[in-house]
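Undergrad: no sequence for this one, just the structure:
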């Protein structure tokens, strides 16, 4: 494996890891919202869920944009 291939693999794994961590955060937020007693705890769960979903949507795209190969 060349150095370029290894760098591409690390970058791909970083993007996949950000998606997985965001998905786990969303599930965690849903669990908090479902099991919470009272509106502050439920609101916290909803906020965690929304922020985790935004991480899933924004972070991989921004990493791909940052790491895009320059045009010749």
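TA: Received, thanks. Note that this is a predicted model, so its numbers are computed, not measured. Residues are numbered from 1 along each chain as shown.
Undergrad: other SSEs contacting the helix ranked longest in the chain?
TA: Here the longest helix in the chain is taken by residue count, with DSSP state H as the criterion, and it is helix 3-35. Contact here means 3 or more CB pairs under 8 Å, 6 or more residues apart in numbering; DSSP states H and E; on that basis helix 3-35 packs against helix 39-66. Using the backbone N, CA and C atoms, a C-beta is placed for each residue, glycine as well.
Undergrad: coming back round to it: got the angle for the longest helix of the chain vs helix 39-66?
TA: With axes from the mean of the first three to the mean of the last three CA atoms, to 10 degrees as the criterion, the two stretches helix 3-35 and helix 39-66 enclose an angle of 170 degrees.
Undergrad: mean confidence for helix 3-35?
TA: Per-region confidence: helix 3-35 scores 94 on mean pLDDT.
Undergrad: what do you get for stretch 55-72?
TA: If you average the pLDDT over stretch 55-72, you get 89.
Undergrad: Would you mark the buried spots in it?
TA: Judged by neighbour count (16 or more other CB atoms under 10 Å), stretch 55-72 contains these buried residues: 55, 56, 59, 60.
Undergrad: Need the max-distance pair from these.
TA: Using CB to CB, the two most remote members of those are 55 and 60, lying 8.9 Å apart.
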